[in-house]
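Peer 1: Return atomic coordinates for the entry below.
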Amino acid sequence: MQTLTWTDKDRLSLADGRLRLESAQGVIEIDLASCHAQWQARHPGVAALGLLCVGERDITAQPPYFHFFAGEGIRVQMSAARRRGLGYWRPGHGAQRSFLALQRTLEDAGWSTRDLS
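Peer 2: This is a model prediction of the structure:
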């Protein structure tokens, strides 16, 4: 599985069903239609609901992450707090902004992720 640590300062774009994440670690492009096809293959009963699910997300994990069903899987985890003891999830923190920005971008384009939290 490929893993990318993503911050609220990194770049995010979605066009033509392709999610593009640019970070200091490099660039990852994710074909969301391919992710959705893998989701349907793994969950045939859910496919009838008409959801365009492309992966899973867990906002309560340390660190919070998205897992996309692309190939062997792509995990996009949010950056850790820069100061010790503050945790990943607090209002206004970069991890919160990163997570919500990615979730909002997917939802605005009609895609969804299964909530594991």
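
Peer 1: Can you pull up the most central residue in the protein?
Peer 2: Nearest residue to the geometric centre of the chain (CA atoms, centre = their mean): residue 66, 3.3 Å.

Peer 1: following the helix or strand encompassing that residue, which helix or strand comes up?
Peer 2: Using DSSP states H and E, residue 66 sits in strand 65-68. Using DSSP H and E, the helix or strand that follows strand 65-68 in sequence is strand 74-78.

Peer 1: name the helices or strands packed onto that following strand?
Peer 2: Under the contact criterion of 3 or more CB pairs under 8 Å, 6 or more residues apart in numbering; DSSP states H and E, strand 74-78 touches strand 2-6, strand 26-31, strand 65-68, helix 94-108. C-beta here means a position set from N, CA and C on the backbone, and glycine is covered the same way.

Peer 1: Mind listing what's buried along it?
Peer 2: By 16 or more other CB atoms under 10 Å, the buried positions in strand 74-78 come out as 74, 76, 77, 78.

Peer 1: Output the residues you listed as JSON lines; include the columns pLDDT and distance to residue 54.
Peer 2: As requested, these are exported to JSON lines (pLDDT from 0 to 100; distance: CB to CB, whole Å):
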{"residue": "74", "pLDDT": "93", "distance to residue 54": "10"}
{"residue": "76", "pLDDT": "93", "distance to residue 54": "12"}
{"residue": "77", "pLDDT": "91", "distance to residue 54": "17"}
{"residue": "78", "pLDDT": "87", "distance to residue 54": "18"}
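
Peer 1: For residue 17, which residues are in contact?
Peer 2: By CB atoms under 8 Å, 6 or more residues apart in numbering, residue 17 lies in contact with 31, 32, 33.

Peer 1: Good, we can wrap up now.
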